[in-house]
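J.: just need the structure, nothing else, for what follows:
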Amino acid sequence: MTTHSFWSPILISLETAILASSLAFLLAIVIAWWLKDRSFPGKTLLETFFLLPLVLPPSVVGFGLLMIWGRRSPLGKMIEDVFQQPVVFTFPATVIAALVVAFPLVYQIAKVGFTSVDTELEDAARSMGAHEGQVFLYVTLPLAWPALITAFLLGFARALGEFGATLMFAGNIPEKTQTISTAIYLAVETGNINEAFAWSLFVVLFSFLLLSLSRYLHR
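T.: Next up, the predicted model:
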């Protein structure tokens, strides 16, 4: 195994995880904050839909992504007509797969962080003339920040280790869509145990550091 072939899945995984967890983080903050104090018919159903990828088998998530973004779907055909390239089996597909599986975890933790903020503090800010944007930026966000940091780090770790949905939706193309998880799978299938061990050790150590940092910042 050359140095380039060893680092390629790692770099693809890190780039995928950074993009996916950042998008999941931004979406989770906006949606969790918007839903925090709102009550409407179907809210429980909507939140259940957000959390569904957390409990579904990754192969089901990957199949669902194929049905939505595949070349035979209306959305997939439209994107291919516009960009002259399909979504499936490309690097963006790895980001989409990681985003879908990471978002439920990030959203759930962000929701807990926002709901744990004392509403009396927010009401006090409003009574002093602060508008909703100021209440969010100067009261809600700083108080919920430890939980939000934890949400981002755990979402990053989840995106970094995604396998099933990525394999089905993005494939396992070296130097294009091959992440650490799919590279480990291929290495085991082909009997390259040393390669699988090296990549697995990297993931374990990196995830351990992320979890340690999450616990430290939350504390």
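
J.: what segments of the protein are helices?
T.: Assigned by DSSP state H, the chain shows helices spanning 3-36, 43-55, 58-69, 74-83, 91-115, 119-127, 132-135, 141-160, 164-169, 180-189, 193-218.

J.: pipe those helices into JSON lines and attach mean pLDDT and mean neighbour count per row.
T.: Where you see a C-beta, it was placed from the backbone N, CA and C, and this is true even at glycine. Output for the helices of the chain, formatted as JSON lines (pLDDT from 0 to 100; neighbours: other CB atoms under 10 Å):
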{"stretch": "helix 3-36", "mean pLDDT": "91", "mean neighbour count": "18"}
{"stretch": "helix 43-55", "mean pLDDT": "90", "mean neighbour count": "13"}
{"stretch": "helix 58-69", "mean pLDDT": "92", "mean neighbour count": "18"}
{"stretch": "helix 74-83", "mean pLDDT": "88", "mean neighbour count": "12"}
{"stretch": "helix 91-115", "mean pLDDT": "94", "mean neighbour count": "23"}
{"stretch": "helix 119-127", "mean pLDDT": "87", "mean neighbour count": "13"}
{"stretch": "helix 132-135", "mean pLDDT": "86", "mean neighbour count": "13"}
{"stretch": "helix 141-160", "mean pLDDT": "90", "mean neighbour count": "21"}
{"stretch": "helix 164-169", "mean pLDDT": "93", "mean neighbour count": "24"}
{"stretch": "helix 180-189", "mean pLDDT": "92", "mean neighbour count": "19"}
{"stretch": "helix 193-218", "mean pLDDT": "86", "mean neighbour count": "14"}
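
J.: spatially central, which residue of this structure would that be?
T.: Ala102 (2.8 Å; CA atoms, centre = their mean).

J.: my read: that one touches Glu162, true?
T.: Yes - contact status for Ala102 versus Glu162: in contact at 7.4 Å, counting by CB atoms under 8 Å.

J.: separation between the nearest residue to Ile193 once chain neighbours are set aside and Asn194?
T.: Closest residue to Ile193 apart from its sequence neighbours, by CB to CB, 6 or more residues apart in numbering: Ala187 at 7.3 Å. Using CB to CB, to the nearest Å, one gets 8 Å for the distance from Ala187 to Asn194.

J.: over to Leu205?
T.: 17 Å.

J.: then Thr150?
T.: For Thr150, the distance to Asn194 - CB to CB - is 34 Å.

J.: please apply the same query to Leu65.
T.: 32 Å.

J.: contacting residues for Ala125?
T.: By CB atoms under 8 Å, 6 or more residues apart in numbering, the residues touching Ala125 are Gln134, Val135, Tyr138, Val139.

J.: enumerate every residue touching the first one.
T.: Think Gln134. Counting by CB under 8 Å, 6+ apart, Gln134 has contacts Ala125.

J.: if you set the cut-off to 6 Å instead, what comes out?
T.: The contact partners of Gln134, taken as CB atoms under 6 Å, 6 or more residues apart in numbering, number zero.

J.: state the distance from the nearest residue to Val106 once chain neighbours are set aside to Ile173.
T.: Nearest non-adjacent residue to Val106, counting by CB to CB, 6+ apart: Gly155, 3.9 Å away. With distances taken as CB to CB, Gly155 is found 25 Å from Ile173.

J.: got it, and Thr44?
T.: 40 Å.
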